[in-house]
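# the following block contains a protein sequence and its predicted model.
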Amino acid sequence: MQPDRSVALACGGLVAMAAALGIGRFVYTPILPAMLGALGWSKSDAGLIASANLLGYFVGALLAGRPLVAAQPRFWLMTALATSAASTAAMAVPSDIASFIALRFVGGIASAFVIVCASTLVLERLALSGRGSLSAIHFAGVGSGIMISAIAVSAILRPARTGEAFG
C-alpha cells in the first residue's frame, strides 16, 4: 500500500505558490518605494510597470487554459517556475523602464501559469486521495511568499535606512 503523500503534495503546492506568486508577483510591492527613490521613477512609471505585470497575469491565465498546457501541466509548471525565478532575479540588473515592463509582463505570465498548473495538479491529486481539505495548505503559499518578500526586502533595505549600506 502506498503511503499517504497528501501533506507533502500540499506543501509542494505551497512552495510553488510562494515562489511564483507570493515572491515572483508580489515582491514588487515592498521594494517599490526604494526603487522609486533609487531609480528616479515617478509614481506613474511604477504604475505602468505594475500594470504590465497584471496584463501578463491576464494573458498567462488565458494561455494556461489552453489544451496544450492542460495536456502537460507538470512541464508547464516547471517551466513557469523557472521563468518566474529568472524574471524576478533579473529585476536586479536593468534600470530602464522598458526592461522592467518586459520583466514584469513575463513574470505575470509565469505566475498565472503556476497558479493554474500547480492548482490543477495539486487539487486533482488531493481530491483523488480524499484529502481535499489540504488544499488550504496549497493556497497558503501565496500569503507565505508575500510574507517572505516583505521580510526579505525589509532586511535588505534596513542597512540603507541605518546608514550601514553600500552607497
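Great, that's in hand.
# and Ile148, how many residues sit next to it?
Residues contacting Ile148 under the criterion other C-beta atoms under 10 Å number 16. Any C-beta I mention is one placed from the backbone N, CA and C, and that applies to glycine too.
# check whether it really touches Phe26, as I assumed.
No. Counting by C-beta atoms under 8 Å, Ile148 does not reach Phe26; the two are 9.7 Å apart.
# mind listing the helices for this protein?
For the chain, the helices defined by DSSP state H cover 6-17, 28-39, 43-64, 67-71, 73-89, 97-128, 135-162.
# tally of neighbours for the closest residue in space to Val15 that isn't next to it in sequence?
What sits nearest to Val15 in space, not counting adjacent residues and going by C-beta to C-beta, 6 or more residues apart in numbering, is Gly141, at 6.5 Å. By the criterion of other C-beta under 10 Å, Gly141 has 27 neighbours.
# could you pull up the contacting residues of Gly141?
Residues counted as contacts of Gly141 (C-beta atoms under 8 Å, 6 or more residues apart in numbering) are 13-19, 21-22.
# what is the least confident helix or strand in the protein?
Across the helices and strands of the chain, mean pLDDT, DSSP states H and E gives its lowest value to helix 28-39, namely a mean of 86.
# buried sites along that helix?
Residues of helix 28-39 classed as buried: 28, 30-32, 35 (neighbour count, 16 or more other C-beta atoms under 10 Å).
# next one: stretch 68-77
69, 73, 76-77.
# and the contacts of that stretch?
Outside stretch 68-77, the residues that touch it by C-beta under 8 Å, 6+ apart are 16, 63-64, 113-114, 116-118, 120-121.
# of these, buried ones?
Among these, those buried by neighbour count (16+ other C-beta under 10 Å) are 16, 64, 113-114, 116-118, 120-121.
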